[in-house]
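A.B. asks: build me a model:
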Amino acid sequence: MRRVTIYTDGACSGNPGPGGYGAILTDDATGKTREIAGGEAETTNNRMELLGVIEALSLLKRPCEVRIFTDSRYVADAMTLGWADKWRANGWMRTKKDPAKNPELWERLLSLCEIHKVTFHWVKGHAENPMNNRCDEMAVEKSREYREKG
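C.D. replies: This is a model prediction of the structure:
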């Protein structure tokens, strides 16, 4: 099975406001990398964190073993601690009175994780990790583009 490493980050100016995401995919066997970035005019930081992971996984054409590195506790904890699976099982409710946010994105992410063997790893943001810092640069750049358009 092909092994891929993905770094992602999301950014938002305001919250909600214009936002962006960046991701770097690396084929572990060849070392070949690909950068992607995108954004939305009116979004939240958490949506951009999720969308970065989703868009990166969506590029994989066949099942892969994937390590995802993110500085988002929201994404990393929801996936590693099983929260997202529980929200889905409970009809996208966190508790009986508290709906989960971004259910359509969580559904997409969980579906992609059924195709690939995915592990999530939290990394400290804005630290000495060049891959995470590059993803942050791309996310902020996309956020600025959308802010300038608005």
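
A.B. asks: who does the strand or helix carrying residue 133 touch, helix- and strand-wise?
C.D. replies: Assigned by DSSP states H and E, residue 133 belongs to helix 130-149. Taking 3 or more C-beta pairs under 8 Å, 6 or more residues apart in numbering; DSSP states H and E as contact, the helices and strands that helix 130-149 lies on are strand 2-12, strand 17-27, strand 33-43, helix 45-58. All C-beta spots, glycine's among them, are computed from the backbone N, C-alpha and C.

A.B. asks: quick one: buried residues of that helix?
C.D. replies: For helix 130-149, the neighbour count (16 or more other C-beta atoms under 10 Å) marks 131-132, 134-136, 138-140, 142-143, 145-147 as buried.

A.B. asks: likewise for stretch 114-131?
C.D. replies: Across stretch 114-131, burial judged by 16+ other C-beta under 10 Å covers 116, 118, 120, 129, 131.

A.B. asks: ok, these vs residue 84, which is closest?
C.D. replies: Closest approach to residue 84 among those (C-beta to C-beta): residue 120, at 10.4 Å.

A.B. asks: okay, and the beta partners of the nearest residue to residue 140 once chain neighbours are set aside?
C.D. replies: Distance criterion C-beta to C-beta, 6 or more residues apart in numbering; nearest residue to residue 140, sequence neighbours excluded, is residue 11 at 4.7 Å. Beta-bridge pairing for residue 11 (DSSP bridges): residue 20.
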